[in-house]
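In: the following comprises the amino acid sequence and a computationally predicted model.
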Amino acid sequence: IDRPAASVRIIYFKMASSSIDYSNIDYRGFIFVVHEQYGLMLLHCTRKPKKGPHFQLPGGHVDDFEFQEAAKTSGGNAQTQLLEAAKAGAARELWEETGVDVRNQLGRLQPAALKSSNTATALSCEIKHRLFFFLAATDADFLSADKTSEQLVGPLGAEGRHLKIKYSVEHSGFDFEKDPSVSVQKLKKHSGGVPSQALAMAMARDANKSKSRDAGAVASSPKITGKTERRLDHLEEVEDPPVLLGADRRAKDKEKGCFPCFC
């Protein structure tokens, strides 16, 4: 499908306050599924020969019916419609790809604040029509034999071997990664590298937030402030940036980095 020019999209988004042009724009939703003890869940893909083996975030295309359902409760606000549709799509993809089911718990999906605020053309959790959410996962979210009769698999590594998922035909396994800088590198082949960019932006913004709040606390987190800032000094600098965990959780846990397990 041909995509409208950027200027056309901007005009459409500003003027059409009641709906999203989902027929001509390929929106996608992705989730940073983070277990506080074991880290970020990454799905291993070996089904795309051109890319070679690589890691992905759970997520994918937001379907038309999800936009239509979101329109019923968005109150005519296009950005609310987009956010809620993307949440529903990301949750559906997570379930299809892993069996982890939060489709009836969409409130647990927190928008990953990658920018200082929403604009007329994009949400703060959005890059290139890809929307990112954070899910704080617990052991209870993963699968066990009493939840499904399908074959279950544990992570590729030694961490969290008791946590199981059922992966789709798109993937060949999963793993946890505690180091955010390593996660950025592992995601570079996924979806044009946008998930990698999103995680890097969240980390850089989190480091900037920590700097402004407590220089001493930042100095004690070299994995976030050292490697990340050297690699990502080309990213946009924003004053008082929000953090990936979202304002509510961050307020309760001010000493943690963008993912609790990464500190």
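Out: Structure's in. What do you need? Just so we're clear, the structure is a prediction, and the values are computed from it rather than from any experiment.
In: can you name every helix or strand that the helix or strand containing K211 contacts?
Out: If you go by DSSP states H and E, K211 is part of helix 194-213. Where contact means 3 or more CB pairs under 8 Å, 6 or more residues apart in numbering; DSSP states H and E, helix 194-213 is packed against strand 28-35, strand 126-127, strand 130-137, helix 180-186, helix 215-219, helix 228-231. The way it works is simple: take the backbone N, C-alpha and C, and place the C-beta from them, glycine included.
In: just the strands in the stretch 51-200 of the chain please.
Out: 54-56, 59-61, 110-111, 126-127, 130-137, 173-177 (DSSP state E, counting those that start in this stretch).
In: quick one, the helix holding K211 and strand 28-35 angle?
Out: 60 degrees (axes from the mean of the first three to the mean of the last three CA atoms, to 10 degrees).
In: got the buried residues for helix 194-213?
Out: 194-210 (16 or more other CB atoms under 10 Å).
In: most tightly surrounded among the helices and strands packed on helix 194-213?
Out: strand 28-35 (a mean of 26; mean count of other CB atoms under 10 Å).
In: chain center to that strand, what's the gap?
Out: 4 Å (CA atoms, centre = their mean, to the nearest Å).
In: residues in contact with that strand?
Out: 40-41, 57-62, 86-87, 89-91, 93-94, 100, 109, 112, 129-139, 160, 163, 176, 191, 195, 198-199, 244, 259-261 (CB atoms under 8 Å, 6 or more residues apart in numbering).
In: and stretch 48-66, by the same measure?
Out: Contacts of stretch 48-66 (CB under 8 Å, 6+ apart): 22-23, 26-33, 41-46, 85-86, 88-90, 92-94, 97-98, 100, 171, 175, 186-191, 195.
In: would you mark the buried spots in it?
Out: Buried residues in stretch 48-66 (16+ other CB under 10 Å): H54, F55, Q56, L57, P58, G59, G60, V62, D63, E66.
In: out of those residues, which is nearest to L143?
Out: The closest of those to L143 turns out to be P58 (CB to CB; 13.8 Å).
In: spatially nearest residue to that closest one (excluding sequence neighbours)?
Out: Computed as CB to CB, 6 or more residues apart in numbering, the closest residue to P58 that is not its neighbour in sequence is L94, at 4.3 Å.
In: distance check, the one you found against K115.
Out: The spacing between L94 and K115, counted by CB to CB, to the nearest Å, is 23 Å.
In: in terms of neighbours, single out the busier of these two.
Out: L94 (29 against 19; other CB atoms under 10 Å).
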